[in-house]
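[1] sequence first, then the predicted structure, then my questions.
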Amino acid sequence: MSFNDDLKASLASLGFTSLCVQDRLKSYLYEKLGVTSGTLNDLIIEQFGSFSAFEDQAAALPPPLDPTLVSLLHFDGNFQDATGKVWTPFGNISTAGTAKFGSGAALLDGAGDYLAAPASAEYAFGTGPFTIEFFIRWNSIFAGGKDLIDFRPVSTQGAYPDIYVDNGKVGYFVNTTTHIIDTVAMVTNTYYHIALCRDNSNNTRLFKNGTQVGSTFVDNTNYLTHGASGPLLGSSSFTPGNASPDAAIDELRIRKQALYTSNFTAPSAPFTT
């Protein structure tokens with residue numbers, strides 16, 4: 001029996017029969033304590049002193065990550081991804097931006113700052129549903145195009161998502177074509193929630209502050225993975241370091257699920273899963 005199976009059985013024998021509670025306790029041992037082996041009873045007593053103390057701490061943990069989650073970054077003093085992926089900062093990007101939630105936001109100065117995700121097949125959405133969302137607050141809005149999050153490989157066009165802004169108007173670009181574009185420009189010093197969603201019927205919509213902008217894109221694209229690396233936040237990935245916005249970005253979440261299919265109230269709290 002594997003340690004994971006043994007841990008699950010031990011949790012059940014101790015009265016933790018809820019699968020959700022079991023997942024929380026396992027996550028605590030695996031991720032918070034780095035535990036990969038040992039007798040459960042001994043581990044609990046060693047780390048917490050008692051079963052009740054262990055249960056109290058585990059109950060306070062956030063719920064297990066949704067299986068559709070690809071990336072989730074809060075930018076509260078670091079570039080940590082809740083899924084464990086390691087993003088690489090370039091230029092002067094920091095977490096000193098004015099936060100929408102929490103204690104920080106990714107701060108880009110428009111001069112080549114960006115954040116690069118690692119290579120992962122999870123960023124290939126194929127023909128399935130997905131949501132890419134974040135909050136953005138502009139410090140200044142330059143004329144021309146700025147890439148907010150770009151999944152294209154270097155010098156390669158094709159079946160890769162690219163959310164960008166043209167003269168302050170958010171748009172969606174894929175396969176060398178802009179398929180969605182807003183008609184109203186954003187302004188500085190105001191946070192906007194941006195969400196791109198493809199549903200199970202291959203309809204892709206772009207939302208700003210919960211309201212759909214532009215038209216619905218009938219999207220039969222078989223989305224590919226970046227290859228050598230993952231998407232770039234705050235830069236063109238066609239030409240890394242170019243088309244960077246002068247803005248703060250907070251609460252980046254990518255999921256293989258259509259979270260929004262019609263107008264909605266923009267999120268009022270940090271994402272948890």
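    Received the coordinates, thanks.
[2] surely Asn189 meets Trp138?
    Yes. Using Cβ atoms under 8 Å as the test, Asn189 is close enough to Trp138 to be in contact (7.3 Å). Glycine gets a C-beta too; all of them are placed from N, C-alpha and C.
[3] of those two, who's got more company?
    Comparing Asn189 with Trp138 by other Cβ atoms under 10 Å, the one with more neighbours is Trp138, at 22 against 10.
[4] name the residues of stretch 96-114 that come out as buried.
    Of the residues in stretch 96-114, 97, 99-101, 104-110, 112-114 count as buried by neighbour count, 16 or more other Cβ atoms under 10 Å.
[5] the spatially closest residue to Pro231 that is not a sequence neighbour: how many residues sit nearby?
    Nearest non-adjacent residue to Pro231, counting by Cβ to Cβ, 6 or more residues apart in numbering: Phe151, 4.3 Å away. Neighbours of Phe151 under the rule other Cβ under 10 Å: 25.
[6] try Ser50
    Quick note: Ser50 (other Cβ under 10 Å) scores 10 neighbours.
[7] and the one 3 residues further on, by the same measure?
    One way to gauge burial is a neighbour count; for Ala53, by other Cβ under 10 Å, it gives 13.
[8] report the contact partners of Pro89.
    Pro89 makes contact with Phe79, Asp113, Tyr114, Leu115, Ala116, according to Cβ atoms under 8 Å, 6 or more residues apart in numbering.
[9] am I right that it is in a helix?
    No. Under DSSP: H, G, I helix; E, B strand; the rest coil, Pro89 sits outside any helix and is assigned strand.
[10] any idea how far it lies from Ala111?
    Distance, Pro89 to Ala111, using Cβ to Cβ, to the nearest Å: 14 Å.
[11] ditto for Ser52
    54 Å.
[12] repeat that for Pro129.
    36 Å.
[13] list the beta-bridge partners for Val165.
    Per DSSP bridges, the residues bridged to Val165 are Lys146, Val170.
[14] show me what contacts it?
    Neighbours of Val165 in contact, by Cβ under 8 Å, 6+ apart: Ile141, Gly145, Lys146, Leu148, Gly171, Met186, Pro245.
[15] ok, the fourth one touching Glu133?
    Read that as Leu148. No. In terms of Cβ under 8 Å, Leu148 does not count as a neighbour of Glu133; the distance is 10.9 Å.
[16] okay, and the common contacts of the two?
    Shared contacts of Leu148 and Glu133, counting by Cβ under 8 Å, 6+ apart, come down to Ile194.
[17] which of the two has more neighbours?
    Leu148 (26 against 22).
[18] ok, that one to Ala243 distance?
    Taken as Cβ to Cβ, the span from Leu148 to Ala243 is 9 Å.
[19] over to Phe135?
    20 Å.
[20] the more surrounded of these two?
    Ala243 (25 against 22).
[21] which SS class is the more buried one?
    Once three-state DSSP is applied, Ala243 turns out coil.
[22] for it, phi and psi?
    phi 60, psi 40 (degrees, to the nearest 10).
[23] make sure it is actually in contact with Gly145.
    Yes. Counting by Cβ under 8 Å, Ala243 does reach Gly145; the two are 5.8 Å apart.
[24] what do those two both touch?
    The contact sets of Ala243 and Gly145 overlap at Tyr164 (Cβ under 8 Å, 6+ apart).
[25] only whichever of the contacts of Val165 are buried, select them in PyMOL.
    Selection command for PyMOL covering only the buried members of the contacts of Val165, criterion 16+ other Cβ under 10 Å:
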select buried, resi 141+145+146+148+171+186+245
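[26] list the contacts of the residue lying closest to Gly168 once chain neighbours are set aside.
    Counting by Cβ to Cβ, 6+ apart, Ala185 is the residue found nearest to Gly168 once chain neighbours are left out, at 3.1 Å. Going by Cβ under 8 Å, 6+ apart, Ala185 touches Ile141, Asn167, Gly168, Lys169.
[27] ok, now which ones touch Asp150?
    Tyr160, Pro161, Asp162, Ile163, Tyr164, Pro231, Leu232, Ser235, Ser236, Ser237, Phe238.
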